[in-house]
Structures are given as structure tokens and as C-alpha cells.
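Enquirer: Quick check, what structure comes out for this input:
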Amino acid sequence: MDQTATFALADTHKEFRRTVRQMCEERIAPHAAEVDRDAAFPWDGFKAAVEMELPALGIPVAYGGAGADHVTQAIMVEELARVCASTSVTMLISKLGMMPIFNWGTESLRKKYVPRVASGEAQASYCLSEADAGSDVAAMRCRAVRDGDHYVLSGTKYWITNAGASDLYTVFAKTDPDAGHRGISCFVVEADWGVKVAKLEHKMGLRGSPTGEVVFDDVRVPAENRIGEEGQGFTIAMHTLDRSRPTIGAQAVGIAQGAIDYSAAYMKQRHAFGGPIADLQGLRFMLAEMAMRNEAARALVYRACAMVDDDPGGELTSFGAMAKAFASDASMSITIDAVQLLGGYGYTKDFPVERFLRDAKVTQIYEGTNQVQRVVIARELLRNV
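Expert: Numbering: from 1, shown residues only. Next comes the predicted model:
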């Protein structure tokens with residue numbers, strides 16, 4: 001047994017958090033309410049993140065990235081989400097779009113596309129879900145038909161993050177419609193090849209992150225832009241989601257931390273019954289419960305993130321699902337309590353906790369609903385009994 005093993009963050013992790021938090025407070029937080037109100041892409045926040053080279057963080061060094069460990073990446077997502085969840089999505093989604101390429105793509109695809117995302121020159125989307133194929137991926141109808149040295153893509157993808165803002169779209173489509181999940185293949189598609197955005201959703205939360213319906217109307221894609229082999233698409237999609245779900249947990253932790261920090265500051269400033277409401281034991285207990293739940297979520301997220309880098313026991317699928325589900329459920333509970341702590345003020349848009357609540361909700365839904373996560377967790381447990 002390794003006696004030096006520890007769950008404590010390294011000094012480099014702590015210093016990185018301090019640096020990112022300062023940037024977020026100065027460059028991103030001042031625009032967060034406006035981004036939410038106007039449902040406007042957070043360009044100021046994105047540019048600040050690019051200047052700090054944050055898009056490169058999770059990209060391998062060989063393709064222009066920093067090659068940072070996944071706990072460091074989780075800290076980055078946390079700190080962005082703590083002030084503006086929409087801005088945190090701009091870092092999450094492009095990494096998600098590139099993961100199939102640098103894990104499964106050819107060397108030529110990696111060299112062509114991944115450095116553009118690492119530098120912030122390009123953004124990417126991940127096109128998996130359809131109207132009747134969200135959790136049920138094998139039910140997708142988007143087709144990719146081979147035509148010489150090209151594939152012709154036709155179909156519609158729904159709930160696509162960064163729709164219209166992305167330059168690159170990683171698309172999953174059926175190359176063999178009769179083979180179920182074994183008939184799915186994966187492609188990287190450039191936006192100017194004819195990708196269309198039919199509509200953008202008017203969402204409850206993450207309003208600065210565009211989510212839309214993306215249409216492929218006989219879009220011709222070079223065969224060399226296929227990622228992996230024909231029929232590997234489902235495996236690629238699940239492999240990718242296993243590695244991205246822990247960072248959705250990190251996003252949820254960040255949103256919750258923003259709510260906790262704001263609530264604590266408000267409790268010290270707000271007076272009732274002859275003193276600050278921070279002196280009221282009932283409210284102090286609520287705040288303590290919020291902090292405990294979030295620290296438990298953070299620990300599980302960091303453990304799952306560490307498994308992305310090193311998973312000798314093959315436990316990532318289970319722990320990634322646990323981290324995502326537990327952290328997002330905790331975040332929803334914590335942000336509801338934050339609204340309660342602020343009372344009537346918490347229910348108004350003059351204070352940010354109602355935004356935290358709205359933003360937290362989607363973390364229970366996207367990249368696999370929490371009901372699906374429980375299916376995954378139970379399946380992995382029963383498989384290993």
C-alpha cells in the first residue's frame with residue numbers, strides 16, 4: 001500500500017485556483033447578469049479565458065495544449081461556473097467536441113483540428129442527441145451514406161450546445177441503419193460545409209450558452225473526416241461521456257459554491273431581529289449543510305477526475321456517473337436553499353442566487369440524465385458482484 005497517497009490538492013492546484021478565481025472575479029463576473037438577461041454568448045468571458053490559455057488546458061501537449069491533469073481541469077470549470085455557468089460551458093463543450101478526435105481520430109485529423117481549439121481560434125460542438133434519441137442513443141436517425149471518397153450526412157440533431165457559435169461539429173450518424181448501436185459512426189464536420197442551425201432554444205438557465213437544432217441537409221464530408229472505423233461511433237460516444245461527466249460534476253460544484261459564497265456574505269450584511277441574520281442558528285445550520293454537501297460532491301468529482309488520468313481498476317464509468325449525479329443533485333438542493341436564505345430577495349433577478357438555481361437544474365439533465373446515471377451505476381455494481 002502506498003503510504004504517500006493523499007487526497008489533498010497539490011500546492012500547484014491551489015495556486016491555479018487562486019489565479020483563475022482572480023481572473024473570473026475581475027473579467028467574467030461583471031458580465032454574468034447581462035449575459036443571462038440578454039441570452040448573449042459570453043464573448044468577453046470567452047476572450048478572457050483564451051487570454052489565460054484555458055482552452056488549451058485539457059488538450060494534449062502534442063496538439064498545442066497544456067496537457068493538464070483532470071483535477072486541474074475540474075478546478076478551472078468550478079471557478080468559471082462559480083461566477084458564470086454560461087462561460088464555463090464554452091470551455092467544456094469544445095473539449096467535449098475534440099475528445100473523440102484526440103482519442104480515436106487519425107493523426108492527420110488531430111493535427112488539423114485540435115490545435116485550433118487549443119488556441120481558442122475555433123470552438124466545437126458535440127452532436128449526439130436527436131428528438132427521439134437522447135438517452136436512447138441507438139434510436140438516432142441521422143444518416144451518413146458513403147459516396148465515393150465522401151459521406152453524405154442528412155438529419156437533425158437536437159439540444160446541441162454552442163449551436164451557431166461553433167466552427168466544428170463532431171457528429172454521430174448511422175452508417176448502417178439496421179445494426180442498432182453497432183451501426184453508428186462518428187465524423188468531424190466543418191460549419192461552412194453547409195451546417196445549418198434551424199432554431200435556438202429559449203432556456204431556463206445557461207442562457208448565454210446557445211443550444212439549438214442543427215440540420216445536416218446532404219452535407220458532404222470527406223471520408224478522411226470519419227473518426228475511428230465505421231460502426232465504432234457508439235463506443236466512441238460512451239468512452240467520451242465517461243471522461244466528460246466528472247467535469248459536469250465540477251460545473252455543478254462551482255455553481256453551488258457561488259451560491260454558498262453569496263449566501264454567506266448576504267447573511268453577514270442582512271439585519272433582522274436586532275442583528276445580522278448570520279447570528280440566527282437555524283440559518284447557520286442551513287449554510288453548514290450546504291457547505292457539507294458541496295464538499296462531499298467536490299471530493300467525489302476529484303476522485304472521478306483522477307480516474308480519467310489513471311484508472312487501473314476500470315472504475316471510471318461508475319465513478320463518473322456517481323460524480324455527475326451526486327454533484328448535480330447537491331447543486332440543485334444547495335441553490336434552492338440559497339434562494340430560501342435570501343428570502344424574498346432571493347426570488348428576484350436583482351440577486352444572483354435565482355440564476356444559480358436555474359443554471360444548476362440543467363446539470364441534472366445534460367450529458368445523461370441523473371436517472372440514466374443511476375442505471376449506469378447499478379449496472380456496474382451488479383456486473384461486478
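
Enquirer: Just the CA atoms of stretch 182-194, as CSV, please.
Expert: Below are the C-alpha coordinates for stretch 182-194, written out as CSV (Å, rounded to 0.1, in the frame of the first residue of the first chain):
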residue,chain,number,x,y,z
ARG,A,182,-23.3,-1.0,-33.8
GLY,A,183,-24.3,0.9,-36.9
ILE,A,184,-23.3,4.3,-35.6
SER,A,185,-20.2,6.2,-36.9
CYS,A,186,-18.5,9.4,-35.9
PHE,A,187,-17.4,12.4,-38.1
VAL,A,188,-15.9,15.9,-37.7
VAL,A,189,-17.8,18.4,-39.8
GLU,A,190,-16.8,22.0,-40.6
ALA,A,191,-19.5,24.5,-40.1
ASP,A,192,-19.1,26.1,-43.5
TRP,A,193,-19.7,22.8,-45.3
GLY,A,194,-23.4,23.6,-45.0
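
Enquirer: So which bits of it are buried?
Expert: Neighbour counts over stretch 182-194 (16 or more other CB atoms under 10 Å) mark Gly183, Ile184, Ser185, Cys186, Phe187, Val188, Val189, Glu190, Ala191 as buried. (Each C-beta comes from the backbone N, C-alpha and C, glycine too.)

Enquirer: Which parts of this protein are strands?
Expert: Using DSSP state E, the strands assigned to the chain run over residues 124-127, 143-147, 150-161, 168-174, 184-190, 196-200, 211-222, 226-227, 271-272, 275-276.

Enquirer: Including distance to Val114 and mean pLDDT, could the ones you listed go into JSON lines?
Expert: As requested, the strands of the chain are exported to JSON lines (distance: least, CB to CB, whole Å; pLDDT from 0 to 100):
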{"stretch": "strand 124-127", "distance to Val114": "9", "mean pLDDT": "98"}
{"stretch": "strand 143-147", "distance to Val114": "22", "mean pLDDT": "97"}
{"stretch": "strand 150-161", "distance to Val114": "19", "mean pLDDT": "97"}
{"stretch": "strand 168-174", "distance to Val114": "10", "mean pLDDT": "98"}
{"stretch": "strand 184-190", "distance to Val114": "10", "mean pLDDT": "98"}
{"stretch": "strand 196-200", "distance to Val114": "24", "mean pLDDT": "96"}
{"stretch": "strand 211-222", "distance to Val114": "17", "mean pLDDT": "98"}
{"stretch": "strand 226-227", "distance to Val114": "12", "mean pLDDT": "98"}
{"stretch": "strand 271-272", "distance to Val114": "54", "mean pLDDT": "94"}
{"stretch": "strand 275-276", "distance to Val114": "51", "mean pLDDT": "96"}
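
Enquirer: Relative to Arg37, which of these is closest?
Expert: strand 196-200 (16.0 Å; CB to CB).

Enquirer: partners of the closest one, with directions?
Expert: strand 211-222 (antiparallel) (DSSP bridges).

Enquirer: what's in contact with the partner strand?
Expert: 125, 127, 142, 144, 147, 149-161, 163-164, 169, 171, 173, 187, 189, 193-201, 203 (CB atoms under 8 Å, 6 or more residues apart in numbering).

Enquirer: which of these count as buried?
Expert: For these, buried by 16+ other CB under 10 Å: 125, 127, 142, 144, 150-153, 155-161, 163-164, 169, 171, 173, 187, 189, 195, 197, 203.

Enquirer: correct me, but Ala256 touches Ala297?
Expert: Yes - using CB atoms under 8 Å, Ala256 is in contact with Ala297, at 7.2 Å.

Enquirer: of these two, who's got more company?
Expert: Ala256 (32 against 25; other CB atoms under 10 Å).

Enquirer: And that one, what's its pLDDT?
Expert: In this prediction, Ala256 carries a pLDDT score of 98.

Enquirer: and it, how far is that from Thr211?
Expert: 22 Å (CB to CB, to the nearest Å).

Enquirer: now Glu107
Expert: In terms of CB to CB, Glu107 sits 33 Å off from Thr211.

Enquirer: higher neighbour count, the two?
Expert: Taking other CB under 10 Å, Glu107 and Thr211 do not tie; Thr211 has more neighbours (22 against 9).

Enquirer: what's the nearest residue to the more buried one once chain neighbours are set aside in contact with, if anything?
Expert: Leaving aside its sequence neighbours, Thr211 sits nearest to Glu201 (CB to CB, 6 or more residues apart in numbering; 4.7 Å). With contact set as CB under 8 Å, 6+ apart, Glu201 has these partners: Trp159, Thr211, Gly212, Glu213.
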